[in-house]
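Novice: 3D model of this:
(4 chains)
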Number of protein chains: 2
Amino acid sequence: MNAPVSNLPLHQQIHQDIEQQIRSGILSPGDKIPFEHELMETYGCSRMTVNKALSRLTTSGLIERRKRAGSFVRLPKLDSTVLDIPDIEAEILARGETYGFELLHRSVHRADTPDECELAGIGGQVLFLRGLHLASGRPLVVEERLINLETVPAALTVDFTDQSPGHWLLEVVPWTQVESQISAINATDDIAAWLQGDKGMACLEVERRTWRGYERITTVTQIYDGARYSFTARFDHD
Amino acid sequence: MNAPVSNLPLHQQIHQDIEQQIRSGILSPGDKIPFEHELMETYGCSRMTVNKALSRLTTSGLIERRKRAGSFVRLPKLDSTVLDIPDIEAEILARGETYGFELLHRSVHRADTPDECELAGIGGQVLFLRGLHLASGRPLVVEERLINLETVPAALTVDFTDQSPGHWLLEVVPWTQVESQISAINATDDIAAWLQGDKGMACLEVERRTWRGYERITTVTQIYDGARYSFTARFDHD
DNA sequence: TGAACGTTAATGTATAGACATTATACTTGG
DNA sequence: CCAAGTATAATGTCTATACATTAACGTTCA
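Specialist: Reported below is the predicted structural model:
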């Protein structure tokens, strides 16, 4: 009686073996991977099974395949990384602190600034909200949000006095595309007051626009207390 | 004579059709996708072809499949985005500015700080470099880099006086894993002097550690002039 | 009613074979 | 020697079939 080699399906096993060899450096960029018919022999399986494994490695960008020539390890992407821009509430709770939201300002008006028109079209209705995210009672983030009432009219009837609009939006209108911009700014008087910090302190500013299909949903600018917050990201090659 | 419906392979066509329906909102999270045998009829093809399309939608996280029940559109990930941390040289050139690198400091020593030991092991040799990335002759980024000489001994023999070590490393030892941390800091006296800015100005600080397999390659801290730089990212659902 | 059990309809995996496509390698003619 | 044409070996796609796995469904029995 033989112990089972693995409980994984064979195509996953093959995929994983090759990926492991690339990540460990046994196979370097440019190196050749065995032909499909060679892997068929090695694993004692059909070509479709090998092909499934190699196809997935191709779509995930780890290898490159050329007819007649064979399959080769690709050069890694020049440089890019996956960044989690977290749900602030979840993030604060995960730190073991208590979460709170405080609404500072709310207004409804017709789009007139370029930014508002880009969101809701000329003359479209937008909802403007400014609020604070509190960690253990202390302000950590101030956010200013525009919501497109053409696409999310329900936002008008919701009470955001102590509920984060980001969280609500995510449940009601999940986005399909996001665009983010991260920069560093010095706190203005207003920001310093809201975050209970000093004027001029370094803050992370995140501006994010979201879409559902081709319709704009919301634009949010979040300003983080730079001394108390940073983004981290871990990225495995692809 | 019929015009060809599409020149894409059928499984890609099916994949794309369904993805399009999800992104446009025709199909919402939780909605059911037709059974494989229904799609076979719709597209007049075999089950393996339909299966290939649906399997890829599964691995990319767009749909979820349950035996006996069927396939369903998944809720989008809570929040995460792909951030390009660019190759600085390429980025500056892309802006239409000229690129330059200027070495400020170079030294070789045995690892003694905790950070250096984490990189090269206790007593391992490390190469320390400090340099400026110049855009059109003006400093845009100051970087401090530690290179693990245990894994990249060749770095000792390279002249970095006007060549960016990041660029060189990428070609010689491509990484397989990266960890990044982005935060906002106020410029110290030193930083202000290097970047020819004012003390206290907001800067983006990016700390990045890279691995090849399980071996550490380098740690770099890059400080960007906050007034002249920001990261942008665009993210399509997965 | 409701808990246990067998049935069945869906997905998951794999096979063997076929033909299409294409870059490489080889051959031939100038 | 080089250019053009041809053969070939690899990947890309697709089919028809088979059996495994699993969760929903229906039925039976306490």
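
Novice: Following the chain past the lowest-mean-pLDDT helix or strand in chain A, name the next helix or strand.
Specialist: In chain A, no helix or strand scores lower on mean pLDDT, DSSP states H and E than strand A:81-83, which sits at a mean of 69. Going down the chain from strand A:81-83, the next helix or strand is helix A:88-94, by DSSP states H and E.

Novice: can that following helix be found next to chain B?
Specialist: Yes - contact of helix A:88-94 with chain B (CB under 8 Å from any CB of the partner chain) involves residue A:90. Placement of C-beta: from N, CA and C, glycine included.

Novice: Specify the local secondary structure of the residue lying closest to residue A:34 once chain neighbours are set aside.
Specialist: Leaving aside its sequence neighbours, residue A:34 sits nearest to residue A:42 (CB to CB, 6 or more residues apart in numbering or on different chains; 7.0 Å). For residue A:42, the assignment made with DSSP: H, G, I helix; E, B strand; the rest coil gives helix.

Novice: so what are the domain limits for chain A?
Specialist: A:10-73, A:88-225 (automatic domain parsing).

Novice: what about the first one, how long is it end to end?
Specialist: Distance across domain A:10-73, first residue to last, is 21 Å (CA to CA, to the nearest Å).

Novice: That domain near DNA strand D at all?
Specialist: Yes - between domain A:10-73 and DNA strand D, judged by CB under 7 Å from any atom of the strand, the touching residues are A:35-37, A:47-48, A:51, A:54-55, A:58, A:65-71.

Novice: where does chain A have low pLDDT?
Specialist: Scanning chain A for pLDDT under 70 picks out the ranges A:1-6, A:77-82, A:236-238.

Novice: Strands of that one, residue ranges please.
Specialist: For chain A, strands defined by DSSP state E occupy the ranges A:32-33, A:63-66, A:70-73, A:81-83, A:99-110, A:125-135, A:138-148, A:177-186, A:202-212, A:215-225, A:231-235.

Novice: export these to TSV and tack on mean neighbour count?
Specialist: Output for the strands of chain A, formatted as TSV (neighbours: other CB atoms under 10 Å in any protein chain shown):
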stretch	mean neighbour count
strand A:32-33	16
strand A:63-66	16
strand A:70-73	18
strand A:81-83	20
strand A:99-110	14
strand A:125-135	20
strand A:138-148	22
strand A:177-186	20
strand A:202-212	22
strand A:215-225	21
strand A:231-235	18
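
Novice: What I need now is the ones you listed written out in a markdown table, including distance to residue A:26 for each item.
Specialist: As requested, the strands of chain A are exported to a markdown table (distance: least, CB to CB, whole Å):
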| stretch | distance to residue A:26 |
| --- | --- |
| strand A:32-33 | 11 |
| strand A:63-66 | 14 |
| strand A:70-73 | 10 |
| strand A:81-83 | 24 |
| strand A:99-110 | 46 |
| strand A:125-135 | 45 |
| strand A:138-148 | 45 |
| strand A:177-186 | 36 |
| strand A:202-212 | 40 |
| strand A:215-225 | 42 |
| strand A:231-235 | 21 |
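
Novice: closest one to DNA strand C among the ones you listed?
Specialist: DNA strand C sits nearest to strand A:63-66 of all these, at 5.1 Å, using CB to the nearest atom of the strand.

Novice: what helices or strands is that closest one leaning on?
Specialist: helix A:47-59, strand A:70-73 (3 or more CB pairs under 8 Å, 6 or more residues apart in numbering or on different chains; DSSP states H and E).

Novice: JSON lines for the ones you listed, including distance to chain B?
Specialist: Output for those, formatted as JSON lines (distance: least, CB to the nearest CB, whole Å):
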{"stretch": "helix A:47-59", "distance to chain B": "7"}
{"stretch": "strand A:70-73", "distance to chain B": "10"}
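
Novice: Tell me who's in contact with the residue lying closest to residue A:74 once chain neighbours are set aside.
Specialist: Nearest residue to residue A:74 in three dimensions, chain neighbours excluded: residue A:64, at 4.8 Å (CB to CB, 6+ apart). Neighbour list for residue A:64: A:58, A:71-74 [criterion: CB atoms under 8 Å, 6 or more residues apart in numbering or on different chains].

Novice: same deal with residue A:24?
Specialist: Taking CB under 8 Å, 6+ apart, one finds B:213-214 in contact with residue A:24.

Novice: about what we covered before: among the contacts of residue A:64, which two are most distant?
Specialist: Across those, the longest distance by CB to CB is 11.4 Å; it joins A:58 and A:73.
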